[in-house]
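# Here is the input, now give the coordinates:
(one chain, ligands or ions: 1)
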Amino acid sequence: MSITRLVRPELRSLHAYDAAEQVDDTIRLNANESPRRSTIGNFRRPLNRYPEVRPQNLQSALARRFGCEPEQLLVTRGSSEAIDLVIRTFCRAGKDSVLVTSPSFSMYRHYAEIQGAQLIEVETLAAQDFAIDVDTILAACRDTTRLIFVCSPNNPTGTVLPRAELERLLTARGEASAIVVDEAYIEFGDTPSVTELLGRYDNLLVLRTLSKALGFAGARCGAVAGPEVVIRILSAVQAPYALATPVVECVEDALGQDQLELAEEAVRETIAERERLAAALLRYDFVHKVWPSAANFLLVRFADAAAALRHCQAHNVLLRHFGGSLGDCIRISIGSRNENDQLLDALDTLRDKGHD
Ligand SMILES: Cc1ncc(COP(=O)(O)O)c(C=O)c1O
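Alright, predicted model coming up:
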């Protein structure tokens, strides 16, 4: 079984871009580069040279970190690029469909719209902490449904799809759809990554990012992991030289042992702050619900979300409001202890104004 049959027919036999050869200790007159090495920045590799078409060291290091083989992983410019690549590779404009759950991360819709793919939205179970219902997903699938995005832990609800339910979805769709599990927030919960399942399910793709737990949103680095044959096609679709030399070197450094230990400590702090903030928020009369979260944010229902948002903004604290079915909710990212205290100070003044 292979989901390569779901790839746009014109891309199935696409070859990787034929880039100029790069060989160490040679005189490189084959890529129209400048011979003059720039003095800007302090990089290990010369900036006058193109980076590797695909950064091999980084690919191996990220594969080790994410628990797959290097050939099962493509390094991308944030997981946002991976979402775009997957949709462009699998969906024919005006014909194929992408299934997303709602509420969830809006970028799936954004890239589906850009590609001209149809969007099927399946509501999560609001009364059950926005649990994803696999039976509703299966009932909503059409013949054209190439991709099913499952965000776990989900943004903005913090909900995790249990492993057994994911496996039920993978099995039921088989080679009819690729299941794309977005694990942007996986490090903040206690469930292991589903990259473990890559050897068992040929229709599984997993998105990972360095923007959250590792703290490198500014470096723009993420990855998509999946079956080797699919990764090869995604790699052929991705722009050559996608990862710039400064990014490659920054991320190589970020994956050093001491940096990883610092990142783990930061994750532990975020989890502790998440629990402290959740308990503190529940003490306000105007906070009606704080959902359990396996991520670095909390979804909170307010008596008057718009007023709370405005009030916090006036106190220099920005929060995220989504509207729609979450009109009475606000998503609060977990900041440092000091930042979270400033949020609580702002909410104290809201309480003291007599808001209820
Ligand atoms: C669920 C989810 N996936 C992917 C992303 C994109 O992350 P990045 O492109 O920074 O890797 C985000 C960003 O907020 C997200 O919430």
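# which parts of the stretch 101-250 of the chain sit against the ligand?
105, 151, 155, 182, 184, 209, 211, 217, 222 (CB under 6 Å from any ligand atom). For every residue, glycine as well, the C-beta is placed using N, CA and C.
# got the phi/psi numbers for the second one?
Read that as C151. Here is the backbone geometry of C151 (degrees, to the nearest 10): phi -100, psi 120.
# so what's it up against?
101, 104-105, 181-182, 184 (CB atoms under 8 Å, 6 or more residues apart in numbering).
# cutoff 10 Å now
Residues near C151 by CB atoms under 10 Å, 6 or more residues apart in numbering: 100-101, 103-105, 107-108, 132, 157, 159-161, 180-185, 207, 295.
# Sort out which of the residues you listed are in helices and list them.
Among those, the ones falling in helices (DSSP state H) are 107-108.
# Make a ChimeraX selection of the buried ones in the residues of the stretch 101-250 of the chain next to the ligand.
Entered in ChimeraX, the line below selects the buried ones among these, by 16 or more other CB atoms under 10 Å:
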select :105,151,155,182,184,209,211,222
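# What is the nearest of the residues of the stretch 101-250 of the chain next to the ligand to D352?
Nearest to D352 among those, counting by CB to CB, is N155 at 32.1 Å.
# if I look at the closest one, how far off is D258?
Distance of N155 to D258, given as CB to CB, to the nearest Å: 29 Å.
# Would you mind measuring the gap between the ends of stretch 219-236?
In stretch 219-236, first residue to last residue: 23 Å (CA to CA, to the nearest Å).
# and the residue in the stretch 1-150 of the chain positioned nearest to the ligand, how many residues sit next to it?
Taking CB to the nearest ligand atom, the ligand has its nearest neighbour within the stretch 1-150 of the chain at G78, 2.6 Å off. When neighbours are counted by other CB atoms under 10 Å, G78 registers 21.
# Kindly format the C-alpha coordinates of stretch 73-86 as PDB.
Extracted C-alpha coordinates of stretch 73-86, given in PDB (Å, rounded to 0.1, in the frame of the first residue of the first chain):
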ATOM      1  CA  LEU A  73      12.300  13.400   7.000                       C
ATOM      2  CA  LEU A  74      12.300  16.600   5.100                       C
ATOM      3  CA  VAL A  75      13.600  19.800   6.800                       C
ATOM      4  CA  THR A  76      11.300  22.700   6.100                       C
ATOM      5  CA  ARG A  77      11.000  26.400   6.700                       C
ATOM      6  CA  GLY A  78       8.900  26.000   9.800                       C
ATOM      7  CA  SER A  79       6.100  23.400   9.800                       C
ATOM      8  CA  SER A  80       4.100  26.100   7.900                       C
ATOM      9  CA  GLU A  81       6.100  25.300   4.800                       C
ATOM     10  CA  ALA A  82       5.400  21.600   5.400                       C
ATOM     11  CA  ILE A  83       1.600  22.300   5.400                       C
ATOM     12  CA  ASP A  84       1.900  24.200   2.200                       C
ATOM     13  CA  LEU A  85       4.100  21.500   0.500                       C
ATOM     14  CA  VAL A  86       1.800  18.600   1.500                       C
END
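# If you count neighbours, what's buried in that stretch?
For stretch 73-86, by 16+ other CB under 10 Å, it's 73-86.
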